[in-house]
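Trainee: Sequence and predicted structure, then a few things I'm wondering about:
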Amino acid sequence: MNELHVHLDGSLRPSTVWELAHAQKLALPADSPGELEPLLQAPPDCRDLNQYLGCFDLPLAVLQEPDSLTRAVRELAEDMCADGVRYGEIRFAPQLHASRGFTQTEITEAALHGLREGTARCPGFQGRLILCCMRGKDNRKENEETLLTAARFLGSGVCAADLAGAEALYPTSAYEELFAMARRLSVPFTIHAGEAAGADSIADALRFGARRIGHGVRAIEDPALCAFLVRQRIPLEVCVTSNLQTRVFPDGAVHPVRKLFDMGVRVTVSTDNRTVSHTTMRQERQLLAERFGFTQKELDIMNEYAREGRFL
């Protein structure tokens, strides 16, 4: 299997969060790893993406040192391999791991070290990193540093850049200049769009030059946009469990993954956040089969879409 959309900080082992927090003398809101695990997962009554993103606070707190990042990436590569993934693109935002004074270059080097260790331990697994810029206020300098870091390590373990964060609060249209810089640096990119915001967000990402769209399921709101995605063979990195948890669509609405696929949109399957969404690639594929009627042949087609859409 090929997995194109998985976040490092949303996919930490609860036992690792526990151990790293104790080693760093950080206070924990639980008395055991077992009690900690549900606190790292989206609650059953999760309201929206903003509440979902709150589950990242504790994992980010323990990932502020290079050794911690190395371990986290290594373990995620091992977990993906055990899940049957043979190629995976792990994404994270270096700027969110710099609170203790490490540069984005040092942070990325630590993550790349973990990726090398993970792939060495998992014969048959191949991985790459995607460096995320972040939506938000007053972080233009940090985002530009992320792109420069991506360009520096492009082809040496880093394969692309991304834009993540609270899409509804910080519209994609505000980041045109940032991705003009990415184009100048020849850094390919995907953009989170069409998740918390509508089809216009996807259209902006495509106008900037995005080669893939993270989530992108709200393209269904614009038939002309869907037709464009089909013509241009633009893959959507669809994460159904995550979309259901963040309530991308109103209660009772049917997730459009089946309709998008039947229209010819290049739907791919990913977990988004293995720990926060409490899922795996096998579970995502099972959900698609049982709830949306996808056959094994159709799941294989989506995996082929992912293989062709890799930034490798």
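Mentor: Nice, I can see it. In this text the structure is predicted, and so the values were computed from the model without any measurement.
Trainee: helix, strand or coil for the closest residue in space to Ala30 that isn't next to it in sequence?
Mentor: Among residues not flanking Ala30 along the chain, Leu36 sits closest, at 4.0 Å (Cβ to Cβ, 6 or more residues apart in numbering). C-beta coordinates here come from the backbone N, C-alpha and C atoms, glycine included. Secondary structure for Leu36, judged by DSSP: H, G, I helix; E, B strand; the rest coil, is helix.
Trainee: What's the local residue count around Leu36?
Mentor: 18 (other Cβ atoms under 10 Å).
Trainee: any idea how far Glu19 is from it?
Mentor: Leu36 sits 11 Å away from Glu19, going by Cβ to Cβ, to the nearest Å.
Trainee: Mind exporting the C-alpha coordinates of the helix or strand bottoming out on mean pLDDT in the chain to PDB?
Mentor: Lowest by mean pLDDT, DSSP states H and E among the helices and strands of the chain is helix 49-53, with a mean of 84. Coordinates of each C-alpha in helix 49-53 appear next as PDB, following Å, rounded to 0.1, in the frame of the first residue of the first chain:
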ATOM      1  CA  LEU A  49     -11.400  20.500  13.100                       C
ATOM      2  CA  ASN A  50     -10.400  23.000  15.700                       C
ATOM      3  CA  GLN A  51     -11.300  20.700  18.600                       C
ATOM      4  CA  TYR A  52      -9.600  17.800  16.800                       C
ATOM      5  CA  LEU A  53      -6.400  19.800  16.500                       C
END
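Trainee: Skip ahead from it and say which helix or strand is next.
Mentor: Using DSSP states H and E, the next helix or strand after helix 49-53 towards the C-terminus is helix 57-62.
Trainee: could you pull out the helices for the stretch 101-250 of the chain?
Mentor: In the stretch 101-250 of the chain, the helices defined using DSSP state H, counting those that start in this stretch lie at 104-121, 140-153, 176-184, 199-208, 223-232, 240-245.
Trainee: Dump those helices into a markdown table; add mean neighbour count, mean pLDDT and distance to Cys133 as well.
Mentor: Formatted as a markdown table, the helices of the stretch 101-250 of the chain follow (neighbours: other Cβ atoms under 10 Å; pLDDT from 0 to 100; distance: least, Cβ to Cβ, whole Å):
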| stretch | mean neighbour count | mean pLDDT | distance to Cys133 |
| --- | --- | --- | --- |
| helix 104-121 | 20 | 98 | 11 |
| helix 140-153 | 19 | 98 | 4 |
| helix 176-184 | 16 | 98 | 6 |
| helix 199-208 | 21 | 98 | 12 |
| helix 223-232 | 15 | 98 | 23 |
| helix 240-245 | 23 | 95 | 20 |
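Trainee: TSV please, covering those and showing distance to Phe311.
Mentor: Shown next, in TSV, are those (distance: least, Cβ to Cβ, whole Å):
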stretch	distance to Phe311
helix 104-121	14
helix 140-153	11
helix 176-184	13
helix 199-208	15
helix 223-232	16
helix 240-245	21
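Trainee: How about the contacts made by Trp245?
Mentor: Just so we're on the same page, residue 245 is Gln rather than Trp. By Cβ atoms under 8 Å, 6 or more residues apart in numbering, the contact list for Gln245 reads 42, 46, 52, 277.
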